[in-house]
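S.K.: Could you look at this predicted model? Sequence included:
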Amino acid sequence: MKHRVQIQTAATALMAPLLLGTTTPASSHMAQDLPNKEKCYGIAKAGQNACANLSATHDCAGQSTQDNDKTEWVYVAKGTCTKLKGLSEVDAKKLAKKK
């Protein structure tokens with residue numbers, strides 16, 4: 001029984017920042033690293049997008065429904081998006097307007 005309480009306490013401690021909307025050490029580390037990142041469209045796997053898409057069908061991370069959707073994006077190291085055959089935000093927006 002004591003082991004179960006310890007697990008519940010640990011799980012609550014891990015979930016609290018997410019539930020309260022505060023940052024976690026991992027997210028603050030990501031925020032510090034953003035100057036070295038760029039948005040890369042068209043390379044995210046289903047369920048692996050970083051945030052809202054260009055077509056406004058969702059507004060959260062992890063909600064993409066197909067691989068390599070040109071309106072979905074993920075952060076990659078600066079300078080690597082084109083090497084991964086991705087699109088810049090400008091190019092993705094141009095492509096989305098054509099549809």
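M.R.: Right, received. Where do you want to start?

S.K.: Going toward the C-terminus from the lowest-mean-pLDDT helix or strand in the chain, what's the next helix or strand?
M.R.: When each helix and strand of the chain is scored by mean pLDDT, DSSP states H and E, helix 25-33 comes last, with a mean of 51. Once the chain leaves helix 25-33, the next helix or strand it forms, by DSSP states H and E, is strand 37-41.

S.K.: any idea how far P35 is from the residue nearest to A52 when sequence neighbours are not counted?
M.R.: Closest residue to A52 apart from its sequence neighbours, by Cβ to Cβ, 6 or more residues apart in numbering: D59 at 4.2 Å. For the C-beta atoms, the positions are set from N, CA and C on the backbone; glycine is no exception. Distance, D59 to P35, by Cβ to Cβ, to the nearest Å: 24 Å.

S.K.: Which parts of this structure are strands?
M.R.: In the chain, the segments counted as strands under DSSP state E are 37-41, 73-77.

S.K.: Distance to K98 and mean neighbour count added to these, as TSV?
M.R.: Output for the strands of the chain, formatted as TSV (distance: least, Cβ to Cβ, whole Å; neighbours: other Cβ atoms under 10 Å):
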stretch	distance to K98	mean neighbour count
strand 37-41	14	20
strand 73-77	18	19
